[in-house]
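S.K.: Quick check, what structure comes out for this input:
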Amino acid sequence: MIMDFSDSRPYCSCFLGTRRTGKTCSSCGEELNVHEWTWDSAQTNPAVVLKNENREVLFHPVQSSGTAAVRGCTPFTPGSEYYWEIKVLTPTYGTDLMIGVGTEKVDLLKSEFVFCSLLGLDQESWGYSYKGLIHHDSSSQVYGGPFSQGAIVGVHLDMWRGTLAFYLNRIFLGMIVMLLFFMSRPTTNLCYPHICTNGAKMSVAYNSLQCRKLYPMVCSTACQSAMRLTYSYSSRSSLQLHCLRLIVSDKHWLQRLYKIPGLRAQLNQAYWWLTPELNQLHNVANVCENGINWENSDTSDESLKLVEEDEDDVW
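M.R.: Modelled structure (predicted):
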């Protein structure tokens with residue numbers, strides 16, 4: 001298939017208004033005011049500017065001569081689950097803009113004079129590109145769809161099971177990967193995060209990440225590109241959490257949970273990212289159509305190429 005790199009829709013319909021005023025929207029739930037970590041200000045790089053209490057990062061403020069990156073201020077703890085969201089504040093263009101994780105061995109200055117997809121360049125990092133590809137160990141594959149200005153990218157890292165998954169505008173991209181598979185079949189059931197209603201497992205981006213010292217990371221080659229960490233939350237892996245994954249695979253059980261006030265409050269406050277609104281499933285096809293041309297089967301590297309490296313300094 002050929003990727004269609006038309007801009008994905010922003011998460012919030014009021015995005016253009018908030019972009020002009022510089023204020024965040026308070027009505028759409030985009031900003032949840034939960035922050036367990038920030039970007040690491042100790043990582044010195046003139047191509048990276050941190051502001052807004054180190055939650056916002058501006059790459060290449062003057063001009064771009066390569067790839068700039070920054071990581072979180074603290075590593076993730078084994079046996080815990082993490083979910084965080086990053087909003088893309090500027091237009092996406094150039095070689096790459098990526099969101100993901102990496103080990104302490106990742107050299108953030110390694111490619112400061114090279115335009116590349118830094119996260120996933122080797123075995124020490126995993127990244128999700130704005131072009132709709134995931135990268136690891138110098139290989140890439142389609143996962144969900146592309147994203148652009150105004151989009152919210154969610155990342156779920158399960159340090160107990162060792163899995164990494166991504167969300168786009170609060171839709172689990174594993175849904176889309178499975179939808180690609182199920183669309184070729186005569187009948188199918190729509191899926192919730194992690195488990196399909198027919199019992200099939202959902203598609204995470206990567207697994208076998210246990211026993212690693214990992215940090216959240218972002219990188220960009222584009223001049224004056226910016227991202228904001230809008231939410232970060234963690235929880236110890238527990239039987240309750242694993243049971244919740246099974247329950248949300250059945251929409252009727254999920255509806256029953258929401259009828260219990262105490263459980264509804266807990267789901268809305270801590271695990272909303274695991275229990276999507278029921279109407280989100282109807283938006284999955286729209287995300288696919290925005291990002292993928294279904295009528296072609298060409299998956300060559302040339303068909304996925306968007307821009308040349310010298311376009312990173314255009315903005």
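
S.K.: drop to CA atoms for contacts and neighbour counts, all remaining ones
M.R.: Will do.

S.K.: where do the helices sit along the stretch 101-250 of the chain?
M.R.: For the stretch 101-250 of the chain, the helices defined by DSSP state H, counting those that start in this stretch cover 173-182, 239-247.

S.K.: Would you single out the least confident of the ones you listed?
M.R.: For the helices of the stretch 101-250 of the chain, the bottom mean pLDDT is recorded on helix 173-182, which sits at a mean of 58.

S.K.: give the contact list for the closest residue to residue 32 other than its chain neighbours.
M.R.: Nearest non-adjacent residue to residue 32, counting by Cα to Cα, 6 or more residues apart in numbering: residue 231, 6.4 Å away. Shown in contact with residue 231 (Cα atoms under 8 Å, 6 or more residues apart in numbering): 31-35, 83-86.

S.K.: Redo these as CSV? Include pLDDT.
M.R.: Formatted as CSV, these follow (pLDDT from 0 to 100):
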residue, pLDDT
31, 77
32, 75
33, 84
34, 88
35, 94
83, 95
84, 96
85, 96
86, 98
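
S.K.: which strand is the longest one in the protein?
M.R.: Criterion DSSP state E: the longest strand present in the chain is strand 225-236.

S.K.: Run the angle between that one and helix 239-247 for me.
M.R.: 110 degrees (axes from the mean of the first three to the mean of the last three Cα atoms, to 10 degrees).

S.K.: List the buried residues in strand 225-236.
M.R.: For strand 225-236, burial by neighbour count (16 or more other Cα atoms under 10 Å) applies to 225-234.

S.K.: Just the mean pLDDT for it, thanks.
M.R.: Average pLDDT, strand 225-236: 94.

S.K.: Using CSV, write out the CA atom coordinates for stretch 65-84.
M.R.: Provided in CSV are the C-alpha atoms of stretch 65-84 (Å, rounded to 0.1, in the frame of the first residue of the first chain):
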residue,chain,number,x,y,z
SER,A,65,21.6,21.1,10.5
GLY,A,66,20.7,17.6,11.6
THR,A,67,18.6,15.7,14.2
ALA,A,68,17.9,17.0,17.7
ALA,A,69,16.6,14.9,20.5
VAL,A,70,15.6,15.1,24.2
ARG,A,71,14.7,12.5,26.8
GLY,A,72,12.7,12.5,30.0
CYS,A,73,14.1,13.5,33.3
THR,A,74,13.7,10.0,34.9
PRO,A,75,13.9,6.4,33.7
PHE,A,76,10.9,4.1,33.8
THR,A,77,10.6,1.6,36.7
PRO,A,78,10.3,-2.2,36.0
GLY,A,79,6.9,-3.7,36.9
SER,A,80,5.0,-0.5,36.2
GLU,A,81,2.8,0.8,33.4
TYR,A,82,3.2,4.2,31.9
TYR,A,83,1.0,6.3,29.6
TRP,A,84,1.8,9.8,28.3
